[in-house]
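**Q** Based on what follows, work out the 3D shape:
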Amino acid sequence: MFLEIRLHGRGGQGVVTASEMLAEAAILEGYHGQSIPYFGAERRGAPVVASARISDKPIRRHGQVYTPDTICVFDTMFVLRKDVREGLKEGGTAIVNHKKFPKIDKFRVYVVDATKIAVENGLMVAGWAVVNTAMVGATAKVLGIISKEVLESVVRRRWRGELGDRNLRATLRAFEEVRG
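**A** A predicted model of the protein is given here:
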């Protein structure tokens, strides 16, 4: 097994943190994991791309992900952007933060309303919903190789106390609510 996942969003949504969490979860599940951030100006609202690789064998690639098996779209508006889908393997998977199913030809589409989940769990910074933990939960469920127990461990390692509780609720809720 060798999976490449590319995450698209805006600065402030937690895209880079999500790629790190996916790689960490993969390692805790006994796989090899790698997180690859890629972003320009570090400012809230700017486009951000990060990637993760998960494999049952050591990962020898260290460059950017150009032909992902899965894309995760954190910002609803990005679904319309061609560059977000660029390189996605035919028959690949798109996991989208959206209320409805957007039409994306030739791909399996899964949706979760990560924005709603983040808002309802108080995961807001400067008026922006931080959707990373919800998107990690949804992605874990779709991939089918990361358990709820490992997700809980990854969240608890990053956040303590009430903030950890809110992030964990968002993660587990998205794990249950993602649909495809």
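**Q** can you pull the contacts of Glu90?
**A** Lys106, Phe107 (CB atoms under 8 Å, 6 or more residues apart in numbering). From N, CA and C alone the C-beta is placed, and that goes for glycine too.
**Q** you'd agree it is in a helix?
**A** No: assignment of Glu90 by DSSP: H, G, I helix; E, B strand; the rest coil gives coil, placing it outside any helix.
**Q** Now do it against Asp105, distance only.
**A** In this view, Glu90 and Asp105 are 10 Å apart by CB to CB, to the nearest Å.
**Q** now do Ala118
**A** From Ala118 to Asp105 the distance is 29 Å (CB to CB).
**Q** Centre of this structure to the edge, which residue is at the far end?
**A** Relative to the centre of the chain, the most outlying C-alpha is that of Gly161, 22.9 Å out, by CA atoms, centre = their mean.
**Q** neighbouring contacts of the lowest-mean-pLDDT helix or strand in the chain?
**A** None of the helices or strands of the chain scores lower by mean pLDDT, DSSP states H and E than helix 82-85, at a mean of 78. Here helix 82-85 makes contact (CB under 8 Å, 6+ apart) with His8, Ile71, Val73, Phe78, Ala94, Ile104, Phe107.
**Q** switch the cut-off to 6 Å
**A** Helix 82-85 has contacts (CB atoms under 6 Å, 6 or more residues apart in numbering) with His8, Val73, Phe78.
**Q** Which one's more surrounded, Ala118 and Asp105?
**A** Taking neighbours as other CB atoms under 10 Å, Ala118 and Asp105 compare with Ala118 leading, 28 against 7.
**Q** Sort out which residues of the biggest helix by length in the chain are buried, please.
**A** Among the segments of the chain that qualify as a helix by DSSP state H, the longest is helix 161-177. Judged by neighbour count using 16 or more other CB atoms under 10 Å, the buried positions of helix 161-177 are Gly164, Arg166, Asn167, Leu168, Arg169, Ala170, Thr171, Leu172, Arg173, Ala174, Phe175, Glu177.
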